[in-house]
Every structure is written in C-alpha cells, then in structure tokens.
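**Q** Got a sequence here, can you build the structure:
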Amino acid sequence: MENFNPDPKPGRLILPLVLIGMIATTYTFINRVTTNNNLEVINIEDDTTEEVVVEDVVDTTTTSTTTTLPEDVVTYLEEIQSEKIQSIELGKKVLETNQRWDDKDTTYQEAQQEFGVFIDDAEQFVATVTNPGPPESNASLISSHEELKVLVSLIYSDTKELLEGLTAPDTGERRSSALASFNSNLESFQQKIEEIIASSTSS
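**A** Numbering: from 1, shown residues only. Modelled structure (predicted):
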C-alpha cells in the first residue's frame with residue numbers, strides 16, 4: 001500500500017521564501033550602504049530634466065547727466081538774457097523812429113529829440129551790461145563778457161552817429177550807414193548772448 005503525499009510538489013513553497021529572503025537582504029544591504037556613506041537614494045522614475053533657457057538681456061537704460069550750474073552763473077545768465085530783451089526793444093524803437101522820419105510822419109525836431117533819447121538809452125545800456133558782469137571765478141564767461149562790452153559800446157556809438165546822420169547835410173546816406181552798423185552790432189550782441197547761454201547750459 002502506497003503512502004499518500006498531500007503535496008505532490010513540495011518545492012513550490014520554498015521558492016517564494018527564497019525570493020522574500022533575497023529581497024529583504026538586498027533592501028537591508030542598500031540601506032546600510034547609503035546610511036554609512038551619506039548617500040541619497042534617487043528615484044529614477046521621478047528624475048526629470050529641466051531645460052534652462054538663457055536669454056540675452058539688452059540693457060536699454062538711458063543714462064542722463066544733469067548738470068547743476070552754480071547759483072552765481074545762473075544769475076549771470078538771467079541778467080544777460082534780460083539784456084538781450086532790452087536790446088531788442090531798443091532796436092525796435094530806433095527802427096520805428098527812423099522809419100517815421102523816412103515816411104515824413106514826424107517833424108525834424110521830433111526826430112532829433114527821439115534820436116537823442118536813444119543815445120541816453122544806449123549809454124545807460126552800456127552801464128547795465130558792464131556791471132556786475134559774470135562771476136570772477138569763471139574765466140570763460142569773463143572772456144565772453146568782454147566781447148559783449150565791446151559790442152554794446154559799438155551800439156552806443158551807432159546811436160550817436162544816427163543823430164549825426166540826421167543832422168548831416170547829405171541826403172540820408174550817413175544816417176543809413178549808421179543804421180546798418182547799429183543793426184549789425186545789435187544782432188551780433190544778441191547772438192553772442194545766445195552762444196554764452198548755450199555753451200554754459202550744455203557743458
């Protein structure tokens with residue numbers, strides 16, 4: 001009589017036990033190695049590569065330089081700007097008076113009186129331009145101001161010549177020549193002021 005074997009394949013239970021033992025041993029070994037060597041276990045499935053895009057950044061910042069002028073220079077520039085306006089007014093009056101005389105809209109005595117007033121105005125204008133002048137510490141402005149003083153002196157001389165031309169025994173040539181000189185010197189005076197202001201505020 002044969003003995004009954006309830007499990008015809010007894011080895012089938014051993015294989016799972018062996019596999020469980022191998023897994024447990026491998027897990028323990030890996031944990032021990034990483035702990036002793038301060039290693040970090042990386043999950044390969046979660047490892048993602050991030051692409052970094054480097055863009056060229058162009059600096060579009062505009063650098064502006066603000067020049068602060070000394071107070072005495074600002075005061076001087078305001079003075080000569082005012083003197084430029086005065087010269088324009090003087091020129092306008094002279095031209096109007098001369099034109100009225102040419103058009104015979106004024107008498108000889110009235111024209112004489114008005115041209116005489118222009119001489120007084122121009123003389124006062126010379127004093128106004130001469131003093132106080134620019135700051136003594138600014139050599140460039142001092143040099144430019146000397147040119148203004150020369151021009152304003154010429155303007156004064158022109159006003160005297162205008163009166164001489166009015167009373168001259170010619171037919172108006174001397175007065176016309178004096179007027180042309182007056183206008184030229186007046187224009188040069190105004191242009192010089194513009195140059196001084198532009199040069200001072202742009203440097």
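**Q** This protein: helices as residue ranges?
**A** 14-36, 71-102, 108-130, 139-167, 173-202 (DSSP state H).
**Q** Turn the ones you listed into JSON lines, columns for mean pLDDT and mean neighbour count.
**A** For glycine as for every other residue, the C-beta is placed from the backbone atoms N, C-alpha and C. Listed next are the helices of the chain as JSON lines, based on pLDDT from 0 to 100; neighbours: other C-beta atoms under 10 Å:
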{"stretch": "helix 14-36", "mean pLDDT": "61", "mean neighbour count": "10"}
{"stretch": "helix 71-102", "mean pLDDT": "95", "mean neighbour count": "16"}
{"stretch": "helix 108-130", "mean pLDDT": "95", "mean neighbour count": "16"}
{"stretch": "helix 139-167", "mean pLDDT": "96", "mean neighbour count": "18"}
{"stretch": "helix 173-202", "mean pLDDT": "95", "mean neighbour count": "16"}
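**Q** mind listing what Lys84 touches?
**A** Listed by C-beta atoms under 8 Å, 6 or more residues apart in numbering, the contact partners of Lys84 are 189-190, 193-194.
**Q** let's see it at 6 Å
**A** By C-beta atoms under 6 Å, 6 or more residues apart in numbering, the residues touching Lys84 are 190, 193.
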